[in-house]
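here is a sequence together with a model predicted from it:
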Amino acid sequence: MAQDLLKLSKVTFRYPDNPWKLDQCSLSLKAGEIKAIIGPNGSGKSTLLKLAAHVIKPGSGTIFLDGREITTISNRQRARVLGYLPQHVQTHLDYTVGEVVSMGRFARLRGAGFLDAGDLAIVEKCLEQTRTSHLKDRSFSNLSGGERQRVVLASVLAQEPRVLLLDEPTSAMDMHHEVSFFHLLTGLVREGMAVGVVTHDLNIASVFAHALTLMHDGVIVEEGPPKQIITAKVLREAYGPGIEVVEHPTMDTPMVFPSPKESMGSRENS
Amino acid sequence: MTKILTPQRFWAIMAAYGIGAAVIFITAPFVGGEHLNMGQVLNSLVHGTPSVDADIFLYHRLPRVLLGFFVGGTLGVVGAALQVVLKNVLAEPYILGIAGGGAVGAVAAISIPGLFFHFGPFTSIQFLSLAGCLFCIGGLYWLAQRPSGISMNTILLAGVTFNILCSAAILLIRYLVNPHQLVAMDRWMMGGLDVVGYGDLISLLPFLIPGLVMVFIQANSLNQLAFGEDMAHGRGVDVRNVQRMVFLGTGLATAAAVSLAGPIGFVGLVIPHAVRRLSGYDHRVVLPASFLLGGGVLTLCDLVARTAVHPTEMPVGIITAMIGGPVFLKILLARK
């Protein structure tokens, strides 16, 4: 039985001066598994991921990382187990790609944080894994959106985490790079990593994720394998009309496509 | 292009900056409006024979060069660190009104009779300028802590606002004080490094050194913070702690510099900009290099200030503003 590397139980969260809230969400990430967190805009996916990464603290509920309550772990200790990639990572300073990836070693180094030969080898490996070795001496800020996303993934991999939390990591990538990105994640979970990824791409989630977590309006409405979640009925309840579901022509996975018909009235709020 | 920082690379870069700074630091005291007989100076230093030249060298030139170096270096470091935590390459103690806050405190201490007092080696100028700097920096910290985050422009506008408020406060003090104090106040406001002896210099250190240390130890975390608070947190940085240390440290160091040298502008803007151009963006290099380059450049500016219009002198703040203004404009235009 796979171990829960990250376990959130009944966490709640409320932003100041905002009536929206995240209510009683429980989520667990297992070694060897990619879990995709899906849901319409404003459903709380990113907030849930931030809670899981301990960027924000829950109003109530508990979070366990590798069997230890997350509040009892130091920042550096946490970063050695858990890598977190927020949406839209950017900087106003002009670092090179090599520097950005080497910054991933922060939590593993003491003092001034200089990299030794071992660290540099890990940086090279992460650049190769994300196919960004050729960008190493380029300026990070001048890269395209998709290249930047691959570079920041490389930098998070340089942390050598066992849990990876990614918030829309492929939103700016072309399809080829998105698919190879998820191939890479598949390889990583096979080696024992646990991955939680927020994505809007339901087809990618259906093909690559082992489990899906569907959120709507600050709560988790359903969890399960792609076949259970990617159905017209479940998706329409969360997203509203406009989504059709078919079977993948060569795989045993459901696929979504936009409905060519006019919207069939507004979504029911139950 | 800058490579990943290794200890060898770090020390090589530091050596280059260090040699440059040392050359300026060693030659500057020997140059000045008054020609010094070096033989007499050395003779007096070695054998203790009294000489006017040696006195000028020891009690005027050397402390002044030391003060210029410390103040310039401090402003460089403070600018570099604030530019990261406030996410704006135009951030600088003068532009953000932090130096202005310190100036209000210092001017109040200088000109309002009841507010001037001595406390051991310190005077109320230092305490009130510290209070002014920390007040303005606290305001910026409060703005930067908004849940929605802050835009780069908000910070600059906050600086404009602080500067307007500080100017108003200074005008009010000017209006209220004895007219004969106005000249002294004006000279101080233009920024100057004229000190006599070492007493003032030593009284700076208890503020300056802890302030700089608090900033320097965050150098590596500042690199992480340049990618946003969330990313830095994910990397294992205690973001709140880094921000607090930087704000408090820059407040202490700026107050120390401003209380003695007056609000010298643009060093904190120009120096980190030049350092990043010369040796890359890694703040483990940027911070110490900004100290060395800032110290060297302000010492040079002061050399010009005290020789260009001999037999009189020019406030060094005028020179730094003449260099800094156009650079500010250049960076602003480059961002468009």
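Thanks, I have it. Numbering: from 1, shown residues only, chains lettered A, B, ... in the order given.

need the contact list for the residue sitting nearest the centre point of chain B.
When chain B is reduced to its mean C-alpha position, the closest residue under Cα atoms, centre = their mean turns out to be residue B:75, at 2.4 Å. Going by Cβ atoms under 8 Å, 6 or more residues apart in numbering or on different chains, residue B:75 touches B:92, B:93, B:254, B:257, B:264, B:267, B:268, B:271, B:294, B:298. Any C-beta I mention is one placed from the backbone N, CA and C, and that applies to glycine too.

next SSE downstream of whichever helix or strand it is part of?
Using DSSP states H and E, residue B:75 sits in helix B:62-85. Along the chain past helix B:62-85, the next helix or strand (assigned with DSSP H and E) turns out to be helix B:98-111.

other SSEs contacting that following helix?
Applying 3 or more Cβ pairs under 8 Å, 6 or more residues apart in numbering or on different chains; DSSP states H and E, we find helix B:98-111 packed against helix B:124-144, helix B:152-176, helix B:182-189, helix B:239-261.

the same query, at a cut-off of 10 Å, please.
helix B:62-85, strand B:122-123, helix B:124-144, helix B:152-176, helix B:182-189, helix B:239-261 (3 or more Cβ pairs under 10 Å, 6 or more residues apart in numbering or on different chains; DSSP states H and E).

of all these, which gets the most neighbours per residue?
Among these, helix B:62-85 has the highest mean neighbour count (mean count of other Cβ atoms under 10 Å in any protein chain shown), at a mean of 28.

chain A contacts on the stretch 151-300 of chain B?
Selection of the stretch 151-300 of chain B residues close to chain A by Cβ under 10 Å from any Cβ of the partner chain yields B:152, B:217, B:219-239, B:241, B:276-277, B:280-284, B:286.

contact partners of the least confident helix or strand in chain B by mean pLDDT?
Among the helices and strands of chain B, helix B:182-189 carries the lowest confidence by mean pLDDT, DSSP states H and E, at a mean of 80. By Cβ atoms under 10 Å, 6 or more residues apart in numbering or on different chains, the residues outside helix B:182-189 that reach it are B:100, B:103, B:106-107, B:110-111, B:125, B:170, B:173-174, B:177, B:194, B:258-263, B:313, B:315, B:317.

contacting residues around residue B:158?
Residue B:158 touches B:86, B:96, B:97, B:136, B:139, B:140, B:142, B:143, B:144, B:150, counting by Cβ under 10 Å, 6+ apart.

I meant to write residue A:75 there.
Here residue A:75 is in contact with A:54, A:106, A:107, B:232, B:233, B:234, B:235, B:236, B:237, B:238, B:239, B:241 (Cβ under 10 Å, 6+ apart).

just the buried members of these?
A:54, A:106, A:107, B:232, B:233, B:234, B:235, B:236, B:237, B:239 (16 or more other Cβ atoms under 10 Å in any protein chain shown).

got these as JSON lines, with pLDDT and distance to residue A:210 columns?
Formatted as JSON lines, the buried ones among the contacts of residue A:75 follow (pLDDT from 0 to 100; distance: Cβ to Cβ, whole Å):
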{"residue": "A:54", "pLDDT": "92", "distance to residue A:210": "24"}
{"residue": "A:106", "pLDDT": "94", "distance to residue A:210": "30"}
{"residue": "A:107", "pLDDT": "93", "distance to residue A:210": "27"}
{"residue": "B:232", "pLDDT": "94", "distance to residue A:210": "30"}
{"residue": "B:233", "pLDDT": "94", "distance to residue A:210": "27"}
{"residue": "B:234", "pLDDT": "94", "distance to residue A:210": "23"}
{"residue": "B:235", "pLDDT": "95", "distance to residue A:210": "27"}
{"residue": "B:236", "pLDDT": "94", "distance to residue A:210": "28"}
{"residue": "B:237", "pLDDT": "94", "distance to residue A:210": "32"}
{"residue": "B:239", "pLDDT": "90", "distance to residue A:210": "33"}
